[in-house]
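S.K.: When you get a sec, could you give me coordinates for this:
(chains A and B)
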Amino acid sequence: MSADQASRPAPALPPEPAASPRPRRQRPASPRRRSPLRARLRRDWPLLVMVAPGAVVLLLFHYLPVLGNIVAFQDYNPYLGDGAVQALVSSRFVGLQNFRDLFGDPAFWDALWNTLSITAFQLIFFFPLPIALAIMLNGILSPRLRGFVQTVVYLPHFFSWVLVVTFFVQMLGGAGLLSQELRDAGITPPEIMSNPDTFIVLVTAESVWKDLGWGTIVFLAALAAVDPNLYEASAVDGAGRWRRLWHITLPGLRPVIVLLLILRLGDALSVGFEQFLLQRDAVGRQAAEVLDTFVYHQSIATGDYGFGAAAGLFKAVVGLVLILAANKVAHLLGERGVYSRS
Amino acid sequence: MTTTLRPVRRRHPERPAWEEDPGVAGQTAKGAVLTAVVLAVLVPLWVVVVTSLSSRETINAAGGLVVIPRGLDLSAYRIIFSGGQISKALLISTLVTVVGTAFSLALTVLAAYGLSRPGSVWHRGLLFYFLLTFLIYPGMVPSYLVVTGLGLKDSLWSLILPGALSVFNLVVVRAFFQNIPGELLDSARIDGAGEFRILARIVLPLSRAVVAVVGLFYAVGYWNIWFTALLYIDDNEKFPIQRVLQSYLLAGQAPQSSGAAGVALPPTLAIKMAVVVVTVAPIVLVYPFVQRHFTRGVIVGAVKG
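M.R.: Here you go, the predicted structure:
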């Protein structure tokens, strides 16, 4: 409240040597809170100016579209009036009709089923792989070899999905390297890139190729934080390789594993959009339509915006519930979760 | 005494004293797995590069993709860079990447610094405003309506503005800023420096690692833009490279080449592979310089924070 707290720097104070025994003037926390808003604004306005551009971008391209979800309750017609706002105002409200249509559409349930089965499949066959690879990488003793392997396996993470699918087509597709070699050897090459029955394996393989290495980073960091004395002590006590892995390494990774599981569960309705859009034509809708591609094909591609927005809103709301629920479970299990209760 | 008689396998100098030497079987299995993982990444890259540099005879002899290089033929690259749609797409992508990355980095660094001091005015509310975007996000349809409603259809800004600020990157940079000792900033403040000067003169020079990593994330994001362009760019003069790559290699539509008529065209496969190479090349060339910053501090700090 007093003037000397609000005005700074106090001009009367000479610059003091660092070793001075006087208590340092405290700036954060308590004195800040008590000063009046005007004084705090005068002091902190540059910070607000810095935050402003980012806040405006989010307002325009994030929160404005969030509000735009009212389209989901409309029979939205983009050609009413000239401009999106006019069309929004003059379109007819239809209540929950779009949602009724959505839940009555068998194609929606197919897409939901595909999405959930791919999520489950990848949780089992993809999720554990980066943990295993991280433990292997951690065991490479030569720093140079280790650095080389890391550099190589991180790389595909930075490729676009267009590139990843292109690589797979060139390697495993009908005119790809594998077919080429098999044909030379007199074997009929299997159909890999366009087979709906094995599509779930194919997309998982693509995801593994792209992100297996990148996925190890978090685990490697957690492994580096494990106290090496624990290993030494248990080795001295006669614990072998596998027992040390089970009793020291894996418990050390537990918080990270739980965190990533939560994030994955909260994202259960997203399995990657571009990856599926790119391959949907080759494999067919039956196997390759997931929720996100369903939204795209039912709205922007066909012009039925209200229906597509309803599908998108459904996905967003279920996703929010999932992440909150998963986090709750993590708290109940005594883990930190994504955010802590404050 | 006895040990000197038996041939002892040399221990790795880095191996801690308490750790037993690995068995032959375990060592072999591990080596095989790691080799397979590395080859799975390197072999496709190798084949694509070699094929793009191969002549028609080599490709015909191989019956398609070339694994073992024979000779060097640059004609595919000559076609690509001779001013057709692919050269144009490369220019567009470069422009979007450079402008977009600069713009995104500016937004991110400023907002991260503005939000880095608990106790500043409206700090909690603003932080909540930014972090809420993780939980509540708009669907594809309303975003599309907003971007087109703002008149950005067929403008290159439609590739930059909607995703210009990644709140994840913001959190990464903010965590890094908060680890800078407060005494450093306090002393600058006592010397009369304003917040902008502190950010430019003290905070940023200390944050090169995090800016490099986040800059790489943004740049890769812009370079890889595909679906956004599918949504907003109809004019194929403005297609970015990924869009061309997709329509050429996956949908099978040949790009318009320049007026290099009369020149004997190199085999289509070599041109296709050359397009792949020029799409991969910037990433492969830039990424190793930034990679060393990944593990230490940057991402990890954000994940923990």
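
S.K.: Quick check: which ranges of the stretch 201-342 of chain A have low pLDDT?
M.R.: Applying pLDDT under 70 to the stretch 201-342 of chain A flags the ranges A:335-342.

S.K.: Name the residue of it that lies nearest to chain B.
M.R.: Residue nearest to chain B within the stretch 201-342 of chain A: residue A:312 (2.5 Å; CB to the nearest CB). C-beta: built from backbone N, CA, C; applies to glycine.

S.K.: ok, and the closest non-adjacent residue to that residue?
M.R.: Spatially, and ignoring its direct neighbours in sequence, residue A:312 is nearest to residue B:139 (2.5 Å; CB to CB, 6 or more residues apart in numbering or on different chains).

S.K.: I'd guessed that neighbour sits against residue A:315; true?
M.R.: Yes - with contact defined as CB atoms under 8 Å, residue B:139 reaches residue A:315; the gap is 7.0 Å.

S.K.: Next, show the common contact partners of those two.
M.R.: residue A:295 (CB atoms under 8 Å, 6 or more residues apart in numbering or on different chains).

S.K.: which of these two has more neighbours?
M.R.: Between residue B:139 and residue A:315, residue B:139 has the larger neighbour count (other CB atoms under 10 Å in any protein chain shown), namely 25 against 21.

S.K.: The more buried one: what's it in contact with?
M.R.: By CB under 8 Å, 6+ apart, the contact list for residue B:139 reads A:65, A:69, A:295, A:308-309, A:311-313, A:315-316.

S.K.: Give me the domain ranges for chain B.
M.R.: With domains defined by automatic domain parsing, chain B comprises B:23-73, B:80-304.

S.K.: So which of those domains is the most surrounded?
M.R.: Among the domains of chain B, the stretch with the highest mean neighbour count (mean count of other CB atoms under 10 Å in any protein chain shown) is domain B:80-304, at a mean of 18.

S.K.: For the spatially most central residue of chain B, give me its contacts.
M.R.: Nearest to the mean C-alpha position of chain B, by CA atoms, centre = their mean, lies residue B:220 at 2.9 Å. Residues in contact with residue B:220 (CB under 8 Å, 6+ apart) are A:158, B:283, B:287.

S.K.: Kindly recompute the last result at 10 Å.
M.R.: Contacts here follow CB atoms under 10 Å, 6 or more residues apart in numbering or on different chains; on that basis residue B:220 touches A:157-160, B:97, B:101, B:282-283, B:286-287, B:290.

S.K.: now, among the residues you listed, which is nearest to residue A:238?
M.R.: Using CB to CB, residue A:157 comes nearest to residue A:238 of those, at 40.5 Å.

S.K.: Excluding covalently adjacent residues, which one is nearest to the closest residue to chain A within the stretch 201-305 of chain B?
M.R.: Closest residue of the stretch 201-305 of chain B to chain A, CB to the nearest CB: residue B:224 (3.5 Å). Leaving aside its sequence neighbours, residue B:224 sits nearest to residue A:160 (CB to CB, 6+ apart; 3.5 Å).

S.K.: So that neighbour sits against residue B:245, correct?
M.R.: Yes - counting by CB atoms under 10 Å, residue B:245 is a contact partner of residue A:160 at 8.2 Å.

S.K.: any shared contact partners between the two?
M.R.: With CB under 10 Å, 6+ apart as the test, residue A:160 and residue B:245 both reach A:166, B:226, B:279-280.

S.K.: Among the contacts of residue B:139, which are located in helices?
M.R.: A:65, A:295, A:308-309, A:311-313, A:315-316 (DSSP state H).

S.K.: Rebuild those as CSV, extending it with distance to residue A:262.
M.R.: As requested, the ones in helices among the contacts of residue B:139 are arranged in CSV below (distance: CB to CB, whole Å):
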residue, distance to residue A:262
A:65, 26
A:295, 24
A:308, 29
A:309, 28
A:311, 25
A:312, 23
A:313, 23
A:315, 18
A:316, 18
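
S.K.: of all those residues, which two lie farthest apart?
M.R.: Using CB to CB, the ones in helices among the contacts of residue B:139 span at most 15.0 Å, a distance reached by A:65 and A:311.

S.K.: Excluding chain neighbours, give the residue nearest to residue B:269 in space.
M.R.: Residue B:269's closest residue in space is residue B:59 (CB to CB, 6+ apart), at 5.7 Å.

S.K.: Backbone dihedrals for the one you found, both of them.
M.R.: Backbone torsions of residue B:59, given as degrees, to the nearest 10, read phi -70, psi -40.

S.K.: So it sits against residue B:267, correct?
M.R.: Yes - contact criterion CB under 10 Å: residue B:59 and residue B:267 qualify, at 5.1 Å.

S.K.: what touches both of the two?
M.R.: By CB under 10 Å, 6+ apart, the residues touching both residue B:59 and residue B:267 are B:51, B:73, B:273.
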